[in-house]
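Engineer: Sequence and computational prediction follow.
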Amino acid sequence: MHNNPFFSIIIAAYNAEPFIARALSSLITQTFDSWEAIIVDDCSSDGTFQAAYPFITTCSKIRFVGLPSNTGPASARNHGVSLALGKWLSILDADDWFCSEKLQIMYDYISTYDNLKLGVIGSDAYVYDHSLSTSRRISYPGSNMILKYNFLHGGRFPPHSSLLLKKSYFKFVGGYNTSLRLSEDWDLIYRLSRISSFKCLKQPLVFYSLHEQNISDSLDNGANILDYRDCSLILNKLSIDVTPVALSEALSAIRTLRSNHPYNTRRVLWRIMLSINSSPFSLSNLKRSCRASILLLLCLAYCQIYNIVLVLYSKRFLTKSISR
């Protein structure tokens, strides 16, 4: 085991038997040598340990830790980070894998351009479709400003397995929020975006695996991210810490609004909440804003209906005039 590896690769694995050997194979073929890998088995019920065992016994850089109960990816990753010795963290999903030169290219960049503010480094990626057995390259913006804008507004942003996270920043923001079972990665990157700068290298250095299970998870997670993003930004606009309690209340309110009202209502609500700078956050504030947003939408709908009627009337008037 290296006493001072530069990179610590954290793999939270749950029922990862079909994929984990490929992920570990991509590590032992790395052209850069100063790394360690910590597999945190989140109480799998399949043969994840048996699949990883040949790598654990032949490569001293790879450790395996089994959790007694299923705690979710956030808690499993935090546990792995607590054991990490490296300066930079790589959070590798068990079904994804690295290109062989990934760590070397990342190390060269960090050695040349590292500064006190650099906290998140990603890369372009290959998306591998299991159903078609094909891969395609996906590119992302490289600059800090565009990456952060895309991240907050649902634009192109590197996949989590492509990211390197500076461990000192990770610990400063408190790691993953263990109260979240979905969007825990979005939550972490959002908090890192407030204290550090981002960079994306224009080389595809990771294979992101696309299969039936993670497509389903991504669809569920996508809706959750929209809710979480709105809540986090609202809370921060109101200068309120995004604590589990505040977040839980905000998420509950947003989801209630989404289930009872159309998507546009939530957008109007969001804009109304952004205009509030000093009001304390509460569910009643959200409900009052919702009522205001509904009234605004009704006014907009009335104006739209009026315009449609006016157009139809004008067409009818013109038709009659021409026929005469």
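Structural biologist: Received the coordinates, thanks.
Engineer: Please tell me I have it right and I91 contacts P158.
Structural biologist: No - between I91 and P158 there is no contact under Cβ atoms under 8 Å: 11.9 Å. From N, CA and C alone the C-beta is placed, and that goes for glycine too.
Engineer: Provide a list of residues in contact with L24.
Structural biologist: Taking Cβ atoms under 8 Å, 6 or more residues apart in numbering, we find L24 in contact with 37, 39, 52, 55, 59, 62.
Engineer: which among the residues you listed gets closest to C99?
Structural biologist: Looking at the contacts of L24 and their distance to C99, the nearest is A37, at 15.8 Å (Cβ to Cβ).
Engineer: Please tell me I have it right and that closest one contacts A12.
Structural biologist: No - using Cβ under 8 Å, A37 makes no contact with A12, being 11.9 Å away.
Engineer: what do these two both touch?
Structural biologist: By Cβ under 8 Å, 6+ apart, no residue touches both A37 and A12.
Engineer: Quick one: low-confidence residue ranges for the stretch 51-200 of the chain.
Structural biologist: For the stretch 51-200 of the chain, the stretches with pLDDT under 70 are 130-133, 182.
Engineer: Need the CA coordinates for the helix or strand where Y190 lies. PDB is fine.
Structural biologist: Element membership for Y190, per DSSP states H and E: helix 184-193. Extracted C-alpha coordinates of helix 184-193, given in PDB (Å, rounded to 0.1, in the frame of the first residue of the first chain):
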ATOM      1  CA  GLU A 184     -26.400  13.500  -3.400                       C
ATOM      2  CA  ASP A 185     -23.800  14.200  -6.100                       C
ATOM      3  CA  TRP A 186     -25.600  17.300  -7.300                       C
ATOM      4  CA  ASP A 187     -25.800  18.600  -3.800                       C
ATOM      5  CA  LEU A 188     -22.100  18.100  -3.200                       C
ATOM      6  CA  ILE A 189     -21.000  19.800  -6.400                       C
ATOM      7  CA  TYR A 190     -23.400  22.700  -5.700                       C
ATOM      8  CA  ARG A 191     -21.700  23.300  -2.400                       C
ATOM      9  CA  LEU A 192     -18.300  23.000  -3.900                       C
ATOM     10  CA  SER A 193     -19.300  25.500  -6.600                       C
END
